[in-house]
Structures are given as structure tokens and as C-alpha cells.
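[1] pasting the structure only:
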């Protein structure tokens, strides 16, 4: 205290940025400002990033070898404690970065404060998030591949099950159940590709960009990036700390994945109803009613369908956070984690539910086939028969079949159950070879164009999917062997 000045010096702040402040944080502000309840999930990534940064600083001569060794030892102790569940975080230190630096300094003394040389929390958090996303994204990519395997296995098991195909939820043409299941396999294949694309673009290191403009220290950003297994470095320091495109892209991929899971959920909900009766879901993935003892509710399918909204919300929330932000970092961006982390957890859980549930579902082949026959799904083939075999113009054939459908409806039978006289009364050129054309196996196998529902095309699609998944497994194995600090 200077002579004549009776103003007390401010107490040391628990905040590592508190040197220029004379007043402590309001309690509500402290609670709103703190993110440790969310970003503690990135503790491992933060420690790995710090290890790479410390090693680079030491190699560059910015840290002495003794200081570097002390910091490395302290960080590895913290990693060990994290693995064993012994780390405790304090909301007073705001976020995971300051908590871990505080714990490090407690253990190794003031030298721990040297770790933050040539680094800001801005490039630190961006690095942590990309590392975290790389780990969780790889797990999700593997889960998507596993779900695709489940669908391929199911399709292979049900190649000869015929079911109605729908448009407008009205019976349209018969298809193989395997063909229907493989349609979802194709959706999830695209989801895996979108996720991998997003992860590839996220594979650049922001570390060394500093708060926004780089640093005056002679760092080697390529070296720290290599230590962390990044493909390269983010080339513009302003963009490096303010970019959250990788979060938005990932959320977009996850939202589309959930949309596909929701569509599958909707079909299983319908199919498991008494009106359809196409599938029985396993008891372990359904619930009952507290009032009605006969009920078996497809609650997991309904919850997956419902949880789609929260992933959509995370995407829209992130787009809204970022839409008006000037360069570079703004505190708004602290809101980038909760929605992303929740979406990753949600999609992971939903994929796990379907991976476990689908192999235990029972599909009712006879009910499916009966529904395909009852819905006049062979009507188009009757029109094609009239065009191809009897040389009628398609519009005339379409009209004839429409009249025959009306006749069959009045009689309460299928087209194939009308006798030849009834058929010929509407179109005299019809002969008894029409019954072969109306047979459901004939109908589905006639769709032999590339991507069609014929048995040969479905078997080819199964083989192609298995080959693709085998290659994907090798590729994921190579990526999983990446380096780390």
C-alpha cells in the first residue's frame, strides 16, 4: 500500500485472468460463466493437447528441459488420475482448461504456469473439441457400420420374403423385405460418408493460433499437430479460433442420421401394430401399460423418433449461435459444446438400440405376403403384360386394369383370383398366360433392372454391401491407429 493510500489491495483471484480486476464475480455470473459441468468431458483431450504443446515448447527451447520434464510428468500424473476417476474439478476455476492448469500447478509448483506459454484458451478449446470429436466421431462411424452389418444380415436372412411396397402409404408394388431393409442400409452408408467428410475437414490443428493473431514465440505448429495426429494445421489464426463449421457439419450429419433412424422407427411402429402385423419386436425393447395388461408398446422406436428433435435442435441452436458473430472468438461460442455432446450421446444411444433390437425382431413372412397380394400390388404387371404381350398402348392397358381392379374389389378377391372369363369380358386379348404374370414371385423378379427388387439384383446388392463394409472396416482400422501425445 502506498503512503496515504488506505485502499486495500485486491485479494488474489481464483481466476487465472483476474489480475486487472478489483471486484470478484457475482455468484450468478460465476455460475452462468462456468462451463466445467459440460467441458469436463474433454479432460483427456485437454491433457493430450497440453502434453503435445509442452513437448513442442521444450523442443523449441522455449521451455527448459527440466521445466518441460516437470510439466510432462505432472500432466501424465493427471492423466492417470483421470483414468482412475480421482480428479475433482472446481466450478470456481470456470472450465476444464483452468481446472487442469490449477491442478498441475498445485502438484509441480509455479512451473506449471509456464505450460500456457504461447497458448490461449481460444486455440486450446478449439484443439480440444477437434480431438474430442475425432474420438467420438470414430466411435459413431463404427456404430453406423455395425448397424449396416445388422441390416445386411437381416436382409440375407429374408431374401425370399415378399411384402408390399408403398407410395403414399398405399400398397403400390411388391418388393422383397431384403430390398426394403437394404434401402436403409444405403441411407446409413451415406450417413457414415457424411460423418467421415465432416471429420476429415475437422482434422486440422488450431494449436498455436493463440488468442487470435498467433504468437511472438518461435513455436512449431506442424510439430504439435503431428504429435496430436492431425493431418495438418489451420492456416489462418483468426479462422482457427473462431471456426465452428466442423461442429455444424457434424451436427448436420447426425441430424440426417436421426432422420433416417426416425423413418425406420415409424415403419417398425406401424408394422408392429395389429393392423399390419408384419413384425414382433423383442420384449427387451418394448414396454407395457400400467392400466391395460394386453399392451406391448414400441417405446424404444417412439423414443428414437422423438429424440430426433433434440438433435435437430442442437443443429439449429449452433447455426443460430454462429450466425451473427464477428471475428474472432466471442463468448457466445461457449455454447458450442452442450448441444454437440448431447447429440453425440443421443445418436450413439439410438444406434446401439437398433443394433441390439433388429437382430431379435421377428418378421412375419406370411402376413407380409398376404398384404402384398391383397393390395393389388401386381396391377402394374398386369398392365405391363397387356403392353408387352398383347400389344396394347399403355394408356389403354392402364384403363383396362383399373376396370379389373374395380371388378376384383366388388368380388372381394385379388386380380389373380378372377377367372379367365371375367378377365376376357373386360379385355378379350387376355389369355391364360396372364396368371403367370400375376404371380408375386414373377412380379418381383421382373424388376431386374439395376437396383431393382429381383432376387438376382438383391443378392448382388448384398454382396456389394458386404464388400463395401469389409473395405470400410480396414479403413477404420488404419484411422484408429493414428498417433497421439
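    Cool, got the structure. The model shown is predicted, which means the values in this text are computed figures rather than measured ones. Numbers count the residues shown, from 1 in each chain.
[2] Just give me how far the helix ranked longest in the chain sits from the chain centre.
    Ranked by number of residues, the top helix in the chain under DSSP state H is helix 121-157. Relative to its parent chain, helix 121-157 has a centroid offset of 7 Å by Cα atoms, centre = their mean, to the nearest Å.
[3] how near is residue 455 to residue 322?
    50 Å (Cβ to Cβ, to the nearest Å). Quick note: C-beta positions are derived from backbone N, CA and C, even for glycine.
[4] For the two, indicate the residue with more neighbours.
    residue 322 (19 against 16; other Cβ atoms under 10 Å).
[5] wait, doesn't residue 264 sit right on residue 185?
    No - with contact defined as Cβ atoms under 8 Å, residue 264 does not count as touching residue 185 (10.7 Å).
[6] Would you mind measuring the gap between the ends of stretch 448-458?
    9 Å (Cα to Cα, to the nearest Å).
[7] I meant stretch 225-239, not that one.
    16 Å.
[8] Any idea how far that stretch is from the middle of the chain?
    24 Å.
[9] can you list contacts of it?
    With Cβ atoms under 8 Å, 6 or more residues apart in numbering as the test, stretch 225-239 has contacts from 48-49, 51-52, 55-56, 127, 130-131, 134, 200, 203-210, 212-214, 221-222, 240, 243, 327-328, 482-485.
[10] now the stretch 1-150 of the chain, which segments are flagged as low pLDDT?
    1-22 (pLDDT under 70).
[11] same question, the stretch 351-485 of the chain
    477-485.
[12] hey, where'd the helices end up in it?
    365-374, 379-388, 394-411, 420-426, 434-438, 440-446, 455-480 (DSSP state H, counting those that start in this stretch).
[13] quick one, domains of this protein?
    20-117, 122-160+175-369, 379-438 (automatic domain parsing).
[14] First-to-last residue distance for the shortest one?
    Domain 379-438 has its terminal residues 8 Å apart, counting by Cα to Cα.
[15] for it, the distance to its chain's centre please.
    47 Å.
[16] right, and residue 243 touches residue 126 too?
    Yes - under the criterion of Cβ under 8 Å, residue 243 makes contact with residue 126 at 7.3 Å.
[17] what about those two, which has more around it?
    When neighbours are counted by other Cβ under 10 Å, residue 126 comes out ahead of the other of residue 243 and residue 126, with 27 against 22.
[18] Report how many residues lie close to the nearest residue to that one once chain neighbours are set aside.
    Distances taken as Cβ to Cβ, 6 or more residues apart in numbering put residue 206 closest to residue 126, at 3.9 Å, once the chain neighbours are dropped. A count of nearby residues for residue 206, using other Cβ under 10 Å, gives 28.
[19] One more: residue 343?
    So residue 343, with other Cβ under 10 Å, has 27 neighbours.
[20] ranges for the strands of the stretch 51-200 of the chain?
    162-167, 170-176 (DSSP state E, counting those that start in this stretch).
[21] Show me what the last one packs onto, helices and strands only.
    Applying 3 or more Cβ pairs under 8 Å, 6 or more residues apart in numbering; DSSP states H and E, one finds that strand 170-176 contacts strand 162-167, helix 365-374, helix 440-446.
[22] now the angle from the shortest one to strand 170-176?
    For strand 162-167 and strand 170-176, the angle between their directions (axes from the mean of the first three to the mean of the last three Cα atoms, to 10 degrees) works out to 140 degrees.
[23] picking that back up, of the helices and strands packed on strand 170-176, which approaches residue 292 most closely?
    helix 365-374 (23.2 Å; Cβ to Cβ).
[24] and the nearest residue to residue 322 once chain neighbours are set aside, what does it touch?
    With Cβ to Cβ, 6+ apart as the criterion, residue 322 has its nearest non-adjacent residue at 5.7 Å, and that residue is residue 244. Contacts for residue 244 (Cβ under 8 Å, 6+ apart) come out as 318, 321, 322, 333, 336.
[25] Ok, residue 398 next?
    By Cβ under 8 Å, 6+ apart, the neighbours of residue 398 are residue 383.
[26] Please renumber the chain so that the first residue is 776 from this point on.
    New numbering, starting at 776: the last item is residue 1173.
[27] follow-up on the earlier one: can you add distance to residue 1082 and give the helices of the stretch 1126-1260 of the chain back as CSV?
    Supplementary listing: the helices of the stretch 1126-1260 of the chain in CSV, determined by distance: least, Cβ to Cβ, whole Å:
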stretch, distance to residue 1082
helix 1140-1149, 28
helix 1154-1163, 38
helix 1169-1186, 41
helix 1195-1201, 51
helix 1209-1213, 44
helix 1215-1221, 35
helix 1230-1255, 25
